[in-house]
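# please work out how this folds:
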Amino acid sequence: MQQLDQCSACPGCAEPLEEDDRFCGRCGLSLATVPRPTAETASTAATATARPPQAGVAGPGAPAPPPQSGAPTHQGTPPEPGTPPMAVPPPPAHPPTPAGPPPSTPPPAAVPAPASGPPASAAEPTPTLTGFPLAPPAARESPRDPRTDAPAPAPPQSPPPPPRSASACAVCGTVGSGGDDADGYCEHCGHASPKERDHLEQEMPGVAAVSDRGLRHRRNEDAFTLSVAHLPNAAPAVLAVVCDGVSSSSRPDEASATAAAAARDALVAALPRGVHPPHAVHEALGAAARAVAALADPGRDRGSNAPACTIVGSVVAGEMFTVGWIGDSRAYWVPEDRAAPPARLTEDDSWAAQMVAAGLMTEADAFADPRAHAITGWLGADSEDFDPHTASFMPGEPGVVLVCTDGLWNYAESAADMAKAVPADARQHPLPAAQHLVRHALESGGHDNVTVAVLPFPAAPGRAGSV
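The predicted structure follows:
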């Protein structure tokens, strides 16, 4: 377009102006007080090599880097060295016309930009054009949507994949990130990777327990809970509950965990209220039975037997300990003085025990029969008779109380055999003792899940017997 004498450029954005323009059509700058150049100055501006100055610099005489022709620029604060410039948002197509006379403002200083030199300090106040404050510049340029001239949304960032486990395979011993695949099986030997419940250990003041899946079962259907309650006189009452899921029922692992938790909660609630331990144990067995019965769901079980398990527990409080059970999980007493006789504290709810009690078979013959471990009492919705057993004892010497599933006592059935398997320092170190007993069962065959809890019993001189 021909350069005319009566035309000039906007000092703010270099947009060509007509003689009668009152506002710049691009940036909206008020032109009321901006002097129009003469033909001579207009001609000079058209041929000058220096870029037009930026309007509205902060402070008198402070230079500002002028915009490069055709390139986007920062508004107000100059960019940091090496930072790409931000695009200037387009002005409104029709800027509003002030209702009154244009404000009287002094003309901005037109200072030619130096050929080179540092930009103005970023700490200077943001300049404004008359009637149109500039938005603060962004720190960095971001991609823009060409349809709206707005910053384009950032692409979604995928979360980093979780680190692979570097644990060793329990079967072949392979160590490294390639040991287990996503299906939970070892990529080298094909065996299933250990699950959280395959091996559990816990120790609390006065009690410890260990549970293991064993060597033949695909999952651990045993469960245990430990806790310490306080009697009304503030004396501690240590308790342990061990449950064995019935494998022929549906969800036996869920049944055992539910029963153990329900019995523990009932004991922790009853003992501080002053409920005598034998009565508290009886109530806990009832609470466990109701909790397991509530698991029955024909839709989930699909005609299978309802979830079921056995249970045995013990509470050690003061000079007395109490045991309670349903099924064939057992409790043993092993005195610290190995010269004193040990004892089996429970009687099984099983076919073999009934045959022996009725005098029809000897104990050896009964337990050699394939029907020996068929239980006649259990927790579950299909249990015909709920007959909980409890017994309390006041030994006159220190020792340990063991509560365990048949995965252990299958390899140490008699009280004498169990006492031989218990370490001599079990009362002082209950967790290593429980670990030793589980290892004894695994080394003896590990045909079943195995769980044992060890409760040290303090000495109570001069008191003996049972109540």
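
# just the mean pLDDT for the helix or strand that residue 238 is a member of, thanks.
Using DSSP states H and E, residue 238 sits within strand 236-245. In this model, strand 236-245 has an average pLDDT of 97.

# okay, buried residues for that strand please.
237, 238, 239, 240, 241, 242, 243, 244, 245 (16 or more other C-beta atoms under 10 Å). In this view, the C-beta of every residue, glycine as well, is placed from N, C-alpha and C.

# before we move on, what about stretch 377-384?
377, 378, 379, 380, 381, 383.

# may I have the beta-bridge partners of the fourth one?
When assigned by DSSP bridges, residue 380 has beta-bridge partners residue 308.

# hmm, residue 308 and it touching each other?
Yes. Distance between residue 380 and residue 308: 3.3 Å, which falls inside the contact criterion (C-beta atoms under 8 Å).

# shared neighbours of these two, which are they?
246, 249, 255, 292 (C-beta atoms under 8 Å, 6 or more residues apart in numbering).

# and the first one, how many neighbours?
When neighbours are defined as other C-beta atoms under 10 Å, residue 246 has 21 of them.

# could you give the number of residues near the closest residue in space to it that isn't next to it in sequence?
Once flanking residues are discounted, residue 246 sits nearest to residue 308: 4.1 Å by C-beta to C-beta, 6 or more residues apart in numbering. Residue 308: 29 surrounding residues under other C-beta under 10 Å.

# what's near enough to touch residue 308?
Residues near residue 308 by C-beta under 8 Å, 6+ apart: 245, 246, 249, 252, 255, 292, 378, 379, 380, 382, 383.

# let's go with 10 Å and repeat that
By C-beta atoms under 10 Å, 6 or more residues apart in numbering, the contact list for residue 308 reads 244-252, 255-256, 259, 292-293, 295-296, 327, 375, 378-383.

# helix or strand for the nearest residue to residue 337 once chain neighbours are set aside, which one?
Excluding the flanking residues, the one nearest residue 337 by C-beta to C-beta, 6+ apart is residue 397, at 6.1 Å. Using DSSP H and E, residue 397 is not contained in any helix or strand.

# and residue 397, how far is that from residue 319?
12 Å (C-beta to C-beta, to the nearest Å).

# before we move on, what about residue 242?
Separation of residue 242 from residue 319 (C-beta to C-beta) stands at 23 Å.

# repeat that for residue 364.
In terms of C-beta to C-beta, residue 364 sits 37 Å off from residue 319.

# cool, residue 328 as well?
Distance, residue 328 to residue 319, using C-beta to C-beta: 29 Å.

# so for these two, which sits in the more crowded spot?
residue 328 (26 against 16).

# for the more buried one, what are its contacts?
So residue 328 contacts 244, 310, 312, 346-353, 372-378, 405-406, 409 (C-beta under 10 Å, 6+ apart).

# which members of those occur in strands, if any?
In this view, the contacts of residue 328 that belong to strands under DSSP state E are 244, 310, 312.

# and those residues, which is closest to residue 439?
Closest to residue 439 out of the ones in strands among the contacts of residue 328 is residue 244 (19.0 Å), distances taken as C-beta to C-beta.

# pLDDT score assigned to the closest residue to that closest one other than its chain neighbours?
Nearest residue to residue 244 in three dimensions, chain neighbours excluded: residue 405, at 4.1 Å (C-beta to C-beta, 6+ apart). On the pLDDT scale, residue 405 is placed at 98.

# same thing with residue 141?
Note on residue 141: pLDDT of 50.
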